[in-house]
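> Okay, predicted coordinates and the sequence, questions at the end:
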Amino acid sequence: SQQGEEDPQALSIQEGENATMNCSYKTSINNLQWYRQNSGRGLVHLILIRSNEREKHSGRLRVTLDTSKKSSSLLITASRAADTASYFCATEGSNDYKLSFGAGTTVTVRA
Amino acid sequence: DTEVTQTPKHLVMGMTNKKSLKCEQHMGHRAMYWYKQKAKKPPELMFVYSYEKLSINESVPSRFSPECPNSSLLNLHLHALQPEDSALYLCASSQVEGRYNEQFFGPGTRLTVL
């Protein structure tokens, strides 16, 4: 079942700009993960942040987690055309190991 | 080898046909998953296998029948599907079924039911 809501649904930016997307969820979690999906293809894992972590970096990606607000954000800095994709947050519930995916944000990076 | 492979890439079948989707990984992962993804929607979990045993069935209709013959292989047998079953079917694997496990996804099989 879908737990996360993502905002915005779609984002269009110029190459070199930063892209920020947000994810909100409803129940307590063990961790929150972000995945990227290029058009009609499989998902690629980007980053995992545990419930006791507040911020994590990986290359040009920065993820924050605020468990008191049940929300997370993904920042992509210095975007490139290759970053054009759909981005999904996925939460792992604290009662089971299943991943529940958010609705996704479609990012278009214009050259 | 950090790849999950899925065959076929595309499949068109009639409502009376029987077909199978295949997924393979050679990363030594002991958990494997089937997801269904409709256009412009997030993936929805269907089944989870852990150590070759069915761990989770998300109340999927019996016209979908999963099988895990060994630790590297996962099949999804399809029979008497409906047009609304047309979707992208994604397979994934992780080291084990448990917390903090990154899932590795295959490219998917795009299924069209006529």
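Cool, the structure landed.
> all contacts plus neighbour counts: C-alpha atoms, from now on.
Fine.
> Distance of the closest residue to B:Asn101 other than its chain neighbours relative to B:Lys38?
Of all residues beyond its chain neighbours, the one nearest B:Asn101 is B:Ser94 (6.2 Å), with distances taken as Cα to Cα, 6 or more residues apart in numbering or on different chains. With distances taken as Cα to Cα, to the nearest Å, B:Ser94 is found 23 Å from B:Lys38.
> between the two, which one's more packed in?
Counting neighbours by other Cα atoms under 10 Å in any protein chain shown for B:Ser94 and for B:Lys38 shows that B:Ser94 has the greater number, 21 against 16.
> what's the burial count for residue 96?
The chain I'm using is chain A. For A:Asp96, the count of nearby residues is 12 (other Cα under 10 Å).
> wrong chain, I was asking about chain B
As a measure of burial, B:Val96 has 18 neighbours, counting by other Cα under 10 Å.
> phi, psi of it?
With angles defined as degrees, to the nearest 10, B:Val96 shows backbone torsions of phi -140, psi 170.
> from what I can see it touches B:Gly28, true?
No - between B:Val96 and B:Gly28 there is no contact under Cα atoms under 8 Å: 9.5 Å.
> and the residue nearest to B:Asn101, bridged to which residues?
According to DSSP bridges, B:Ala31 are recorded as the beta-bridge partners of B:Ser94.
> what about the residue most central in space within chain B, which SS state?
The central residue of chain B, meaning the one whose C-alpha is nearest the mean C-alpha position (Cα atoms, centre = their mean), is B:Trp34 at 3.0 Å. The assignment at B:Trp34 comes out as strand when based on DSSP: H, G, I helix; E, B strand; the rest coil.
> got a list of what it touches?
B:Leu45, B:Met46, B:Phe47, B:Val48, B:Tyr89, B:Leu90, B:Cys91, B:Ala92 (Cα atoms under 8 Å, 6 or more residues apart in numbering or on different chains).
> That one: what's its closest spatial neighbour, skipping adjacent residues?
The spatially closest residue to B:Trp34, leaving aside those adjacent along the chain, is B:Cys91, at 4.7 Å (Cα to Cα, 6+ apart).
> that's a helix at that neighbour, yeah?
No - per three-state DSSP, B:Cys91 lies outside any helix segment and is strand.
> Relative to B:Lys36, how far out is it?
Distance of B:Cys91 to B:Lys36, computed by Cα to Cα: 9 Å.
> Between the two, which has more neighbouring residues?
Under the neighbour definition other Cα under 10 Å, B:Cys91 and B:Lys36 were set side by side, and B:Cys91 has more, 34 against 21.
> The more buried one and B:Tyr33 touch, don't they?
Yes - with contact defined as Cα under 8 Å, B:Cys91 reaches B:Tyr33; the gap is 5.5 Å.
> packing partners for the helix-or-strand element of chain A with minimal mean pLDDT?
Ranking every helix and strand in chain A by mean pLDDT, DSSP states H and E puts strand A:5-7 at the bottom, with a mean of 86. In this structure, strand A:5-7 packs against strand A:19-24, with contacts taken as 3 or more Cα pairs under 8 Å, 6 or more residues apart in numbering or on different chains; DSSP states H and E.
> So what's the residue count around whichever residue of chain B sits closest to chain A?
Residue nearest to chain A within chain B: B:Pro107 (4.0 Å; Cα to the nearest Cα). As a burial measure, B:Pro107 scores 24 neighbours (other Cα under 10 Å).
> Next up, the contacts around it.
With contact taken as Cα under 8 Å, 6+ apart, B:Pro107 is in contact with A:Arg41, A:Gly42, A:Leu43, B:Val4, B:Thr5, B:Gln6, B:Lys9, B:Leu90, B:Cys91.
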